[in-house]
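Chemist: Pasting the sequence and the predicted model now:
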Amino acid sequence: MKKKIIILGLTIVLGLTMSLYLKSHTKETTFQEQYDQKDMFHFSDVYYAFSDVHPRSTYHDDYINIHSVEDLFAQSDFIGEVQMNSRQQKYNIIETDVTVLKCYKGKKIKEMTIYEPAYTGPMYDSINISGSMPLMKENQRYLVFLIEAMPKDHYFNFINTCLGCYPIKENIISKKYVSGDDSLVSLSKEEVEQIDFLDIDYTFDYENFADETLKQAILNYNKQKDQYKSFKETIFKKLDIKV
């Protein structure tokens, strides 16, 4: 019995010692620290979020294809003006905490968390985004169209990765980029910080894919992104938003 007690005691001591050692030798990093260490953004496989086949991958399944401004308003659980407070990453997706400045539809809450379709970390050499919108910027107001996410109440997804977020500014900077044979667009951090929307040309993929599902997803993506600017003008007038 004494021998068992001694062994148990030594095990506890050893466990505590290892825990303290690992804690003292593990560097905790915030999202901002990870962001500061990366020089590149990778925008990859954006069209996957627009496939007609459900379920899509877990990462893309909640997004909704939108067909008109009226459809955008009807399908959104929350419509409002927000501004970013902070950002963190959990479970390989970025959570962005925002202050709600104005609510046009949905629960009238002061703060919420939006899942942005992006991720990074020590194992990656870039910040990876699965959408046409860069991460929301500090000190910028946004008009957002959101659908409820898990957990309920204050967690939301963009309605989709093209039409869910509009910076409230006079001129939205949109640039066109041609995807390579790896379905990837790679941009420097400095370039991404200067643009509001990426218009990605997937002609190469469309012409070379045998999978009709993926080809249709690209066509769906093209329709969504082509609506971005015209929707913005109509929506801002409809809601009488001042820039």
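Modeler: That came through fine.
Chemist: What is the host helix or strand of Arg87 packed up against?
Modeler: Here Arg87 sits within strand 78-90, counting by DSSP states H and E. With contacts defined as 3 or more CB pairs under 8 Å, 6 or more residues apart in numbering; DSSP states H and E, strand 78-90 has these neighbours: helix 31-37, strand 93-105, strand 111-116, strand 141-148. Placement of C-beta: from N, CA and C, glycine included.
Chemist: wait, which of those is closest to Cys162?
Modeler: strand 141-148 (10.6 Å; CB to CB).
Chemist: Give the rounded mean pLDDT of the following helix or strand past that closest one.
Modeler: Next helix or strand after strand 141-148 toward the C-terminus (DSSP H and E): strand 155-158. For strand 155-158, mean pLDDT is 95.
Chemist: Name the residues that touch strand 155-158?
Modeler: 62-63, 77-78, 112-117, 131, 133, 144-149, 164-165 (CB atoms under 8 Å, 6 or more residues apart in numbering).
Chemist: picking that back up, can the helices and strands packed on strand 78-90 go into TSV with extra columns for mean neighbour count, mean pLDDT and distance to Gln224?
Modeler: Shown next, in TSV, are the helices and strands packed on strand 78-90 (neighbours: other CB atoms under 10 Å; pLDDT from 0 to 100; distance: least, CB to CB, whole Å):
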stretch	mean neighbour count	mean pLDDT	distance to Gln224
helix 31-37	14	81	27
strand 93-105	16	95	20
strand 111-116	20	95	17
strand 141-148	21	97	12
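Chemist: Adding distance to Ser230, write those out as CSV.
Modeler: Converted to CSV, the helices and strands packed on strand 78-90 look like this (distance: least, CB to CB, whole Å):
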stretch, distance to Ser230
helix 31-37, 32
strand 93-105, 19
strand 111-116, 24
strand 141-148, 15
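Chemist: Tyr48 in helix, strand or coil?
Modeler: helix (DSSP: H, G, I helix; E, B strand; the rest coil).
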